[in-house]
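1. what's the 3D shape of this:
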Amino acid sequence: MKRKLEGQVAIVTGASSGIGAGVAKALAAEGAAVVVNYSSSPDKAEKVLQEIKAAGGSAITVKADVSSEPEVLAMFAETLKTYGTVDILINNAGLQKDNKFHEMSLDEWNRVIGINLTGQFLCAREAIKEFLRRGVVPEKSKAAGKIICMSSVHEVIPWAGHANYAASKGGVMMLMKSIAQEYAPLKIRVNSIGPGAIRTPINHAAWQTPESYNQLLKLIPSKRIGEAEDIGGAAVWLASDDSDYVNGITLFVDGGMLLYPGFEDNG
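-> Sure, this is the predicted structure:
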């Protein structure tokens, strides 16, 4: 049986750990050659690379800070040099710098917006240029290209103490929808994944002890924390022709976090 992403090339930003690593491995398992992007953890990126290769996949690592235009351009140039094109972009790189709003520094604001939102703009722009140059290759995909933006339940749920992060994810939502609308006629699909609580280093404090984990479960009707593999499966579906008529949506993978769990017992 042909794998869903056979012969395609995917860039996964922020792929050295957490959700990005899980998505990179899931795409590779379905036949995609994967560019494992990282900004500051070459050893972790190398580990992901070796896991993909050990499973029979193809991958390279590329260092780039996605908030830097020259570094994004260099990442795409290296991808095209190695693989000839790119078919899938997973706009995953993101971070948090949390603070009370009245104490938040401009650097904390700018760094989060720069990586989480501007980084997605820069990478999506370069991916779309390549999709337009190459066009549809029917034996690979019905689409000219696929972009998956990693958003969050916090594109919908306000988050006190995390205004910069929530604002960045609200921005990702409208960026995704706007470019999905603009390029749908050209067979470019753009969607988002909105993870809820996923077991990754970025939220380690929320699940590292039984007490914190049980507190977190009050927010999740499914009563379990998500795993990177849950996001990987969603990314494979959105990147494949199985979702060819899906464009401009956020697929929430959150165990029901958006179902207002405070009303489980009638409020």
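2. Could you use CA atoms for every contact and neighbour count after this?
-> Fine.
3. Break down the stretch 51-200 of the chain into its helices, ranges please.
-> 69-83, 106-113, 119-134, 163-183 (DSSP state H, counting those that start in this stretch).
4. would you list those in a markdown table and tack on distance to Leu95, mean neighbour count and mean pLDDT?
-> Output for the helices of the stretch 51-200 of the chain, formatted as a markdown table (distance: least, C-alpha to C-alpha, whole Å; neighbours: other C-alpha atoms under 10 Å; pLDDT from 0 to 100):
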| stretch | distance to Leu95 | mean neighbour count | mean pLDDT |
| --- | --- | --- | --- |
| helix 69-83 | 17 | 16 | 98 |
| helix 106-113 | 6 | 17 | 98 |
| helix 119-134 | 11 | 19 | 98 |
| helix 163-183 | 8 | 20 | 98 |
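5. Please report the residue range of the longest strand in the chain.
-> Assignment by DSSP state E gives strand 188-195 as the longest strand of the chain.
6. Specify the angle between that strand and helix 163-183 in degrees.
-> If you take axes from the mean of the first three to the mean of the last three C-alpha atoms, to 10 degrees, strand 188-195 sits at 150 degrees to helix 163-183.
7. Could you pull out the buried residues of the helix or strand just after strand 188-195?
-> For strand 188-195, the succeeding helix or strand toward the C-terminus, using DSSP states H and E, is helix 210-217. Buried residues in helix 210-217, counted by 16 or more other C-alpha atoms under 10 Å: Tyr213, Leu216, Leu217.
8. In a markdown table, list those along with pLDDT and distance to Gly14.
-> A markdown table is the format used below for the buried residues of helix 210-217 (pLDDT from 0 to 100; distance: C-alpha to C-alpha, whole Å):
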| residue | pLDDT | distance to Gly14 |
| --- | --- | --- |
| Tyr213 | 87 | 25 |
| Leu216 | 90 | 25 |
| Leu217 | 92 | 27 |
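9. Just put these in a markdown table and tack on distance to Ala235.
-> As requested, the buried residues of helix 210-217 are arranged in a markdown table below (distance: C-alpha to C-alpha, whole Å):
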| residue | distance to Ala235 |
| --- | --- |
| Tyr213 | 26 |
| Leu216 | 24 |
| Leu217 | 24 |
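10. I'd like to know which of these is nearest to Cys123.
-> Leu216 (32.8 Å; C-alpha to C-alpha).
11. Please determine how far the closest one is located from Asn266.
-> Leu216 sits 20 Å away from Asn266 when distances are taken as C-alpha to C-alpha, to the nearest Å.
12. ditto for Ile188
-> 43 Å.
13. and the two? which has more neighbours close in?
-> Set Ile188 next to Asn266 and count neighbours by other C-alpha atoms under 10 Å: Ile188 wins out with 25 against 6.
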